[in-house]
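Trainee: Generate a structure from the sequence data that follows.
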Amino acid sequence: MELRQLRYFVTVAEELHFGRAAERLHIVQSAVSQQVRRLERELGVEFFDRSPRHVRLTPAGERFLPEARSVLAAEERARAVAAELTAGRAATLRLGTSTGLGDHLDRVLESLARHAPELGVELLAAPVRSRLEQVAAGRLDAAFVRAPEEHPGVRLIPVWQDQLVVALPARHPLAAAPDVALADLAELPLRLTDRRNNPPLVDLVVSACRDAGFAPVPGPRSSSLQDTLAAIGAASPMWTVVYASHARQLRTSRVAFLPVRGEGLSLPTALAVHPVSPPAALGTLLAACADHDS
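Mentor: Sure, this is the predicted structure:
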């Protein structure tokens, strides 16, 4: 038994005429007759008394009609629920984020709220590999990723460069300058996360130090940025790097954040989306990323 067969049966029962029922259904009369016959054969009962002059419901047809209508009404309710769910999903942007986006994320969200107030945003923080996998699987609509590498099932759209700043004890002599040269940090231990946690960041900093003529003195491993900044703020002679967008949101008088003299240090940030079915709000999101620092 198929839904279309029930639909054809109900329409014929209302019209009591196969020709008019076919017109309402926008199909040929023979298709209506054929499907109603198949329904009757499958259920082993005749619903219509057919004669050359009229079509009437049999007692079985009269009893079956309200049940068929109930099934079709349930179908309509199911479709309405599905439509609501689809509309709600389209009106909600599931966005993957990472630590250190700082005021980049704030400004993107502010732009979205200004230009697309009807768009809801769900934020999910997860490791970069998880973010990419969820975008590829359709569980995230988009995700921010730094220094991204190609990933199957994902399209990467560059959005901005994430500048890095040096964090030093506020009482260190170098902290009095407006910026700092990496070579001036050669004698200070560098406290960074393990490379496995953030290969692009560690490689960038170590490579930049070598280009400045020295191999960085390894400091204690960083368990978290909060712990690292607390140790630096306690006037420990060491340094680290922080995303400038994150540093602008930190409130501490014991740590100085200085840009790197010259070209500075930065990592590219991209927006990861599905290559075939990107979010409907992609254009709005990219516009928000474009004016995030305006």
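
Trainee: Could you list the low-pLDDT ranges of the stretch 1-150 of the chain?
Mentor: Scanning the stretch 1-150 of the chain for pLDDT under 70 picks out the ranges 80-90.

Trainee: May I ask you to name the longest strand in this protein?
Mentor: Longest strand in the chain, counting residues (DSSP state E): strand 155-169.

Trainee: I'd like to know which elements the helix or strand following that strand is packed against.
Mentor: Per DSSP states H and E, the first helix or strand lying C-terminal to strand 155-169 is strand 189-190. Contacts defined by 3 or more C-beta pairs under 8 Å, 6 or more residues apart in numbering; DSSP states H and E place strand 189-190 against strand 217-218. (C-beta placed from N, C-alpha, C; glycine too.)

Trainee: Show me what the strand it packs on is packed up against.
Mentor: strand 189-190.

Trainee: quick one: average pLDDT of the strand it packs on?
Mentor: Throughout strand 189-190, pLDDT has a mean value of 94.

Trainee: Equivalent analysis for stretch 267-281, please.
Mentor: 90.

Trainee: buried residues in it?
Mentor: Leu267, Thr269, Ala270, Leu271, Ala272, Val273, His274, Pro278, Pro279, Ala281 (16 or more other C-beta atoms under 10 Å).

Trainee: So for it, first residue to last residue, what's the gap.
Mentor: Counting by C-alpha to C-alpha, to the nearest Å, you get 26 Å between the two ends of stretch 267-281.

Trainee: so which strand or helix has Pro66?
Mentor: helix 59-90.

Trainee: domains for the protein, by residue range?
Mentor: 3-81, 90-293 (the TED database).

Trainee: need the contact list for Ala290.
Mentor: Neighbouring residues of Ala290 by C-beta atoms under 8 Å, 6 or more residues apart in numbering: Val159.

Trainee: just to revisit the earlier point, so of the domains of the chain, which one's packed in deepest?
Mentor: Highest mean neighbour count among those (mean count of other C-beta atoms under 10 Å): domain 90-293, with a mean of 17.

Trainee: can you give me the strands for the stretch 151-294 of the chain?
Mentor: Secondary structure of the stretch 151-294 of the chain (DSSP state E, counting those that start in this stretch): strands at 155-169, 189-190, 217-218, 240-243, 255-259, 265-273.

Trainee: Tell me how far the second one lies from the chain's centre.
Mentor: Just to be clear, that refers to strand 189-190. 37 Å (C-alpha atoms, centre = their mean, to the nearest Å).

Trainee: Identify the residues contacting it?
Mentor: For strand 189-190, the surrounding residues in contact (C-beta under 8 Å, 6+ apart) are Val205, Cys209, Pro216, Val217, Pro218, Gly219, Pro220, Pro237, Met238, Trp239, Thr240.

Trainee: Let me have those in JSON lines, extended by pLDDT and distance to Arg94.
Mentor: As requested, the contacts of strand 189-190 are exported to JSON lines (pLDDT from 0 to 100; distance: C-beta to C-beta, whole Å):
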{"residue": "Val205", "pLDDT": "95", "distance to Arg94": "32"}
{"residue": "Cys209", "pLDDT": "95", "distance to Arg94": "38"}
{"residue": "Pro216", "pLDDT": "94", "distance to Arg94": "39"}
{"residue": "Val217", "pLDDT": "92", "distance to Arg94": "43"}
{"residue": "Pro218", "pLDDT": "91", "distance to Arg94": "39"}
{"residue": "Gly219", "pLDDT": "88", "distance to Arg94": "38"}
{"residue": "Pro220", "pLDDT": "84", "distance to Arg94": "37"}
{"residue": "Pro237", "pLDDT": "87", "distance to Arg94": "44"}
{"residue": "Met238", "pLDDT": "93", "distance to Arg94": "39"}
{"residue": "Trp239", "pLDDT": "94", "distance to Arg94": "37"}
{"residue": "Thr240", "pLDDT": "94", "distance to Arg94": "32"}
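
Trainee: Return the distance of Asp194 relative to Ala215.
Mentor: 18 Å (C-beta to C-beta, to the nearest Å).

Trainee: Looking at the longest strand of the chain now, give me its mean pLDDT.
Mentor: The average pLDDT within strand 155-169 is 94.

Trainee: Could you do stretch 249-262 as well?
Mentor: Here stretch 249-262 scores 90 as its mean pLDDT.

Trainee: those helices in the stretch 1-150 of the chain, which residues are they?
Mentor: 3-15, 18-25, 29-43, 59-90, 103-115, 128-137 (DSSP state H, counting those that start in this stretch).
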